[in-house]
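*Asks:* what shape does this take:
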Amino acid sequence: MPYSGRYLPSYPKKYNGNAKNIIYRSLWERKFMNYCDLNEAVKEWQSEEFWIPYISPVDKRVHRYFPDFFIKYTDKTGRLRTMVVEIKPKKQVAQPNMNPKRKTKAWQNSIITWSVNQAKWKAAREFCADRKFEFKIMTEDDLGIK
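*Replies:* Coordinates of the predicted model:
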């Protein structure tokens, strides 16, 4: 992974986990980590510190989904809110064309990625609903990346 590395927070007390072992797997994740670390509204955050079980449509077995982020923040009204955040490229959030002219290996992989992500996100939405958390999938548009 060319854009992975360790993130060293400026405010390690805000990080709920081992602040010396925060790994980003993309520059987009690093940008969101920086936002969580430096934004005063974010009271607590963590990255891939817990998992949610889901059933994969590929093999029908239970797997573990590690959401990218878990944050607690104060909204504009002063209310403390909790959110689970997943960072994904726009192309992985949109359903692929189910009937392309050519069914290439890349197309097959996009279908598998789409179906696995849908299973993960369904499990995450149920997990969050049970706990009164929010679940948000953020893309480059949400992060202000062109």
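
*Asks:* how near is the closest residue to L38 other than its chain neighbours to C36?
*Replies:* Leaving aside its chain neighbours, L38 sits nearest to S10 (6.5 Å; criterion: C-beta to C-beta, 6 or more residues apart in numbering). Using the backbone N, CA and C atoms, a C-beta is placed for each residue, glycine as well. Distance, S10 to C36, by C-beta to C-beta, to the nearest Å: 11 Å.

*Asks:* so which of these two has more stuff around it?
*Replies:* Counting neighbours by other C-beta atoms under 10 Å for S10 and for C36 shows that C36 has the greater number, 24 against 8.

*Asks:* how far away is that one from H63?
*Replies:* Using C-beta to C-beta, C36 is found at 26 Å from H63.

*Asks:* what's the longest strand in this structure?
*Replies:* Assignment by DSSP state E gives strand 80-87 as the longest strand of the chain.

*Asks:* tell me the mean pLDDT over that strand?
*Replies:* Taken as a whole, strand 80-87 has a mean pLDDT of 98.

*Asks:* same check on stretch 90-100?
*Replies:* 88.

*Asks:* can you check stretch 65-73 too?
*Replies:* 98.

*Asks:* what's near enough to touch the residue of the chain positioned farthest from its centre?
*Replies:* Going by C-alpha atoms, centre = their mean, the residue of the chain most distant from its centre is K101, 31.8 Å out. Residues counted as contacts of K101 (C-beta atoms under 8 Å, 6 or more residues apart in numbering): none.

*Asks:* all set now, cheers.
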